[in-house]
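[1] task: produce atomic coordinates for the following.
(3 chains)
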Amino acid sequence: MSFDPSQFPFMEIAFWVMTVLALGGGIGVVASKNLFHSALFLIVSLFGVSGYYVLLSAGFLAVVQVMVYAGAIAVLILFAIMFSRRPMEKVSQANHQWWLALLMAVLLFAVLVGIVGLVDWPTDGGPEPAAAATTVQQLGVAFLGSYLIPFMVVSILLSVALIGAIMLAREKLEAEEMN
Amino acid sequence: MLQDFEFVGLLGAITFTIPIVTLLIAWFLRPKKPNPAKQETYESGMQTIGDTWVRFKVQYYIYALIFVVFDIEAVFLFPFAVALNQLPLYTLMWVIIFILLLFDGLLYAWRKGALHWS
Amino acid sequence: MQVIIDFLVSLNIPYVTEGVARFIVLLVFAGVVAVAAPAGLIILTWLERKIIARIQDRLGPNRAGPFGWLQAFADMIKMFTKEDITPANADRASYNIAPGLAVFSSIMVFAVIPFAPGFAGTYMNVGLLYIIAIGGLGSIAILMAGWSSNNKYSLLGAFRAVAMLLTYEVPMVMALVIVAIATGSMSLVAVTEAQGSMWYVVSMPLVFLIFFLSGVAEVGRSPFDLIEAESEIIAGFHTEYSGIKFGLFMIAEYVHMFALSFFAAVLFFGGWQIPFINVATLPFPIGSILGFLSLIVKVFFFVFVMMWLRGTLPRFRIDQLLDFGWKFLVPLTLVLLIASAFVVRLFSPGSSTGIPVAPGPLSGLGTAGEIIALLITNLVIAVLTMVMVASAARRSRNQALRAVSGVEPMPAGQPGK
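    This is a model prediction of the structure:
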């Protein structure tokens, strides 16, 4: 049996590893009885998605995914969980409407598979992605060029979110100042 | 682009095994004498009083929230930084507005006392 | 590294093509990095104990081996053979994974550092963002540790630690954006090469200070080390950890400190660049060795500075820390960012290929002009900041004086009348 290292299926292995992470993490979020573990499985799933971005040559997106999701939003979620739960509290994952949920999930899955099957996916890999060094540069030019309005709307959105959150938290803050 | 991550993957695989190997070696080397007194939660030598429950302090959550906002701001500023020399000079004005809007949120939080650690 | 790959290919071993040779070389390199980072721990712990001891006018370890060199090994053996006491009701999975995750995130940042001309593990063009992303995993590890220990104090310690980490990550990220502005790329290799003319610490000293301060706070070293302040919150989030798991947390902290020194050296002190010598053009072994040595010298300089700080300064309170971070460093860094973007754009040489852009108005003055302009900007902002802070401090001091004693404070500049 001849062994040709250049044919070694690295991409396939990487793809399956990322799939295990993404899907396994997703299943773990739903199936875990401990809320903290669910949050940790979510982080695993986010890493899997980041791996997909790497496989698609979107290095910037992959790193941003880890930085924003796993680094900031996951911490936010963990804070919320840690403040509101006792450790080792077991949560039952089923209630008596589980058959309805299962039905809806299967229906949704069927619809999505149908849509995906209807699309004519190109099998030749598409055009070569731009050379790595210029991708982020092109993003930057696009942000301040043709996508300027979404760029500014993002900043307005972020500041509104921040101010809104502070306003909502003010009552709690004042209650704590009293104590 | 994908080739760049080859080294990261290799280093990740090797680094992943380091804590595992360390823990395995230690598992072989150390004594195992479990004892109920040893396994109690530590509270300066006393019996623990009450549940392991920490009072909800809004402060922590607000810091994390402001951090998320500034993290996303940085994500948008990095492509700008890289593309700076390709951009016409007036676009700097838009970036300044972008930064000032987010700084505005921080100022609001400051004035409303949300940044004060009680 | 291409040189080594070419050499391997030229040996004509069966099955060893370019791709395979590259894989083998990268694997060996990864192994070296993964082992060297915690091995540096041995040197660092010895250095730390000796330096702190000398600052405190005592000897430090000198029993285990000559000059106490074997002390770290003795500590390691001790850690391995200590009994592992897991608290009852601890969350076993998270409890065991947390130290491993902390070590993992500390070592992974070394993937993007250029160690010598041609010897970077990866030339990825998002290196700066990668550092931030992997560093963020450390906060997750701390939260896991605090939560799974099932101990009020661990939980509190973890919250405080993460609050401080998040606070100081913002100025650090913004300082990295400024470095990206000055370089025009996010790749650390490009940053190192761009400092061939002048190190960034000379043209942007204030940015370096902010980066280093935030970095020291991120690592959790003195004077920002309330995370492990023994007198306050027992031992913070690693109260319930014993033996090798605690050892892993210590490894993570020292490797993180090592990594911060590497970043300060690469991003602001030119990495493997040596002043007045163009290292990249020297032939293979000499250039790489010289560059690597210069990097190591700079790294150990920063390590020494961090230990010096630890031995000298008292620690800050958490509210002082958080105020300093949010109310001082973040606005200062944002102002610096805008100013640096302005200056760099004004001096940009323009481009005729790709997207045609006219050169900036001051580009005639060249890189020297850019460096001087950045330096002036940094100094002006530093002076203005100090004046503002001084007057704000005087105002609040006078206010307090009036409130407390009803005495009218003296106007500034009239000592002892």
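[2] isn't C:Pro359 up against C:Ser348?
    Yes. Counting by CB atoms under 8 Å, C:Pro359 does reach C:Ser348; the two are 6.3 Å apart. Every C-beta, even on glycine, is put in place using the N, C-alpha and C of the backbone.
[3] looking at those two, which is more packed in?
    For C:Pro359 versus C:Ser348, the count of surrounding residues by other CB atoms under 10 Å in any protein chain shown is larger for C:Ser348: 22 against 15.
[4] surely that one is within a strand?
    No. Applying DSSP: H, G, I helix; E, B strand; the rest coil, one finds C:Ser348 to be coil, outside a strand.
[5] that one and chain A: what is the separation?
    Distance of C:Ser348 to chain A, computed by CB to the nearest CB, to the nearest Å: 13 Å.
[6] one more: C:Pro223?
    For C:Pro223, the distance to chain A equals 24 Å [CB to the nearest CB].
[7] can you mark which positions in the longest helix seen in chain A are buried?
    Looking across chain A with DSSP state H, the single longest helix is helix A:148-178. Under the neighbour-count criterion of 16 or more other CB atoms under 10 Å in any protein chain shown, helix A:148-178 has A:151-152, A:154-155, A:158-159, A:162, A:165-166, A:169, A:173 buried.
[8] what does stretch B:85-100 give?
    If you call a residue buried by 16+ other CB under 10 Å, then stretch B:85-100 has these buried ones: B:85-87, B:91-92, B:94-95, B:98-99.
[9] and for stretch C:63-70?
    Neighbour counts over stretch C:63-70 (16+ other CB under 10 Å) mark C:68, C:70 as buried.
[10] C:Tyr200 touches C:Ala182, doesn't it?
    Yes. Judged on CB under 8 Å, C:Tyr200 makes contact with C:Ala182 at a distance of 6.3 Å.
[11] tell me how many other residues crowd the closest residue to C:Val330 other than its chain neighbours.
    Of all residues not flanking C:Val330 in the chain, C:Val170 sits nearest, at 5.4 Å (CB to CB, 6 or more residues apart in numbering or on different chains). Per other CB under 10 Å, the neighbour tally for C:Val170 reads 24.
[12] by mean pLDDT, flag the weakest helix or strand of chain A.
    Lowest by mean pLDDT, DSSP states H and E among the helices and strands of chain A is helix A:132-143, with a mean of 78.
[13] packing partners for whatever helix or strand C:Leu8 lives in?
    Using DSSP states H and E, C:Leu8 sits in helix C:2-10. With contacts taken as 3 or more CB pairs under 8 Å, 6 or more residues apart in numbering or on different chains; DSSP states H and E, helix C:2-10 sits against helix C:18-55.
[14] need the residues that contact stretch A:38-58.
    Residues outside stretch A:38-58 that contact it (CB atoms under 8 Å, 6 or more residues apart in numbering or on different chains): A:11, A:14-15, A:17-30, A:32, A:59, A:61-63, A:65-66, A:69-70, A:74, A:77-78, A:81, A:129, A:132, B:1-2, B:5, C:94, C:140, C:144.
[15] how does it look with 7 Å?
    Stretch A:38-58 has contacts (CB atoms under 7 Å, 6 or more residues apart in numbering or on different chains) with A:11, A:14-15, A:18, A:21-22, A:25-26, A:28-29, A:32, A:61-62, A:65-66, A:69-70, A:74, A:77-78, A:81, A:129, B:1-2, B:5, C:94, C:140.
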